[in-house]
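Q: predicted model and sequence below, questions to follow.
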Amino acid sequence: MTASSATFDSVELIVWSGTGNTRHVAERFADAARARGAEARVTAAGTATEKRTAARRLVGLLAPTHGFTAPWPIIKAALTVPDVRGVEAFVLVTRGGTRFGGRNLAGFQGTAAYLPAALLALRGARIRGVGAVDMPLNWTVVVPAAAPEAVAAIVDRGDAQVDTFAGRLLDGETVFGGLVPLAVGLLILPISLGYMLIARLLLAKMFFADERCTSCRTCEKNCPQHAVRLSGGGLRPYWNYRCQNCMRCMSNCPTDAIQGGQAWMLFYLWLLSLPIGAFAASALLGALGVSTGPAVPLMALLLRYAWIVISIWVAYSLLWLGLSVPGLRVLLSRSTLTRGYRRYRGPESRG
Ligand SMILES: Cc1cc2nc3c(=O)[nH]c(=O)nc-3n(C[C@H](O)[C@H](O)[C@H](O)COP(=O)(O)O)c2cc1C
């Protein structure tokens, strides 16, 4: 296709990516657009985009799947990306593909793609496509990364999926994939909400650096959410609640010092199982003189949520302080499963 016959003059791809899978997909989409004569640009979500005046624009939002839905940064992008009224748009998500017995297994995106698409549509964008691409599962705080050959095979398949999706969309078709995952994703929406509002916070507070940390600040400098700060006497990384568990810190750490404390998670779950939260909520409501009325259950729920956020923050801060005791630091790092896990390095550095 020549430049003059291109369906779109300008293709703007707004991407949020942890370990580079979605960035890789966006770059490949951009190449397909350029091959068709369009001007294409990949921008990180949250950075300012230039005002565009092209006659026919296509705006794409790209992100990984987290907890069977879209991570917060891409939801925010869908709500804030400027000048989308009347503009043609699409959403493409990556999901965690795996390889078992020589076969590629697909990930599961649930509502990850349709949620931002719906938000864009509500803002007046004309949705032309929704899709998902299988890239290697990168959740290395939970499972070890696949072997390099398996990663290569999954990326090759993912590349083919991007080429098909991009080709159809850029040649003027509308492409709405993933309706069955959407239906199932809606059924399990409570699980996704639980992930977004609670599990994400607990998981953020699982991270710590073991005794191999050299305070090189790679994690701090590269975090897409600015959620890691080096502090304390030994300059150790501390993860705040902005963390989205994107795994970039774990993947990029040059000494593989970043661990996820599974034992910490068990401690948090025990802490949250104590009836203190419910007790404190009813005591506070009682002290405020609110013991009946339709707003009470909602207020009790909000107080319980506040208890989760504050108690986990305090518990993490204490555990993090414990890391300054050398013996305890070694014990804490030896008690993690992640110490033996292969790290996921991203599609660019595979092999
Ligand atoms: C916290 C977290 C949650 C995830 N949840 C899902 C999921 O629900 N379904 C799925 O298929 N993949 C899931 N994945 C895998 C990623 O979506 C997948 O590996 C993606 O390609 C990572 O892209 P990125 O490198 O651009 O961040 C999850 C990964 C992480 C880190």
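A: Now that the structure is in, tell me what you want to look at.

Q: can we go C-alpha only for contacts and neighbour counts from here?
A: Will do.

Q: show me what from the chain comes close to the ligand.
A: By CA under 6 Å from any ligand atom, the part of the chain that sits against the ligand consists of 17-23, 64-68, 94-96, 107-109, 135-139, 245-247.

Q: which among those residues end up buried?
A: Buried members of those, counted by 16 or more other CA atoms under 10 Å: 17-23, 64-68, 94-96, 107-109, 135-139, 245-247.

Q: narrow these to those in strands?
A: Among those, the members found in strands (DSSP state E) are 64, 94, 95, 96, 135, 136.

Q: and which of these is nearest residue 122?
A: For those, the closest approach to residue 122 (CA to CA) belongs to residue 64, at 21.8 Å.

Q: and that closest one, what does it touch?
A: With contacts defined as CA atoms under 8 Å, 6 or more residues apart in numbering, residue 64 is in contact with 16, 17, 18, 21, 22, 70, 71, 93, 94, 95, 112.

Q: equivalent analysis for residue 82, please.
A: Contact partners of residue 82, counting by CA under 8 Å, 6+ apart, are residue 49.

Q: can you pull out the helices in the stretch 101-250 of the chain?
A: Shown for the stretch 101-250 of the chain, the helices assigned by DSSP state H, counting those that start in this stretch span residues 114-122, 148-170, 179-187, 189-194, 200-204, 218-222, 248-252.

Q: for the fourth one, which residues meet the burial criterion?
A: Of all the residues in helix 189-194, those buried under the rule 16+ other CA under 10 Å are 189, 192.

Q: quick revisit: save the contacts of residue 64 as JSON lines, and put in pLDDT and distance to residue 201 too.
A: As requested, these are arranged in JSON lines below (pLDDT from 0 to 100; distance: CA to CA, whole Å):
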{"residue": "16", "pLDDT": "98", "distance to residue 201": "19"}
{"residue": "17", "pLDDT": "98", "distance to residue 201": "19"}
{"residue": "18", "pLDDT": "97", "distance to residue 201": "17"}
{"residue": "21", "pLDDT": "98", "distance to residue 201": "23"}
{"residue": "22", "pLDDT": "98", "distance to residue 201": "23"}
{"residue": "70", "pLDDT": "98", "distance to residue 201": "16"}
{"residue": "71", "pLDDT": "98", "distance to residue 201": "13"}
{"residue": "93", "pLDDT": "98", "distance to residue 201": "22"}
{"residue": "94", "pLDDT": "98", "distance to residue 201": "22"}
{"residue": "95", "pLDDT": "98", "distance to residue 201": "21"}
{"residue": "112", "pLDDT": "98", "distance to residue 201": "19"}
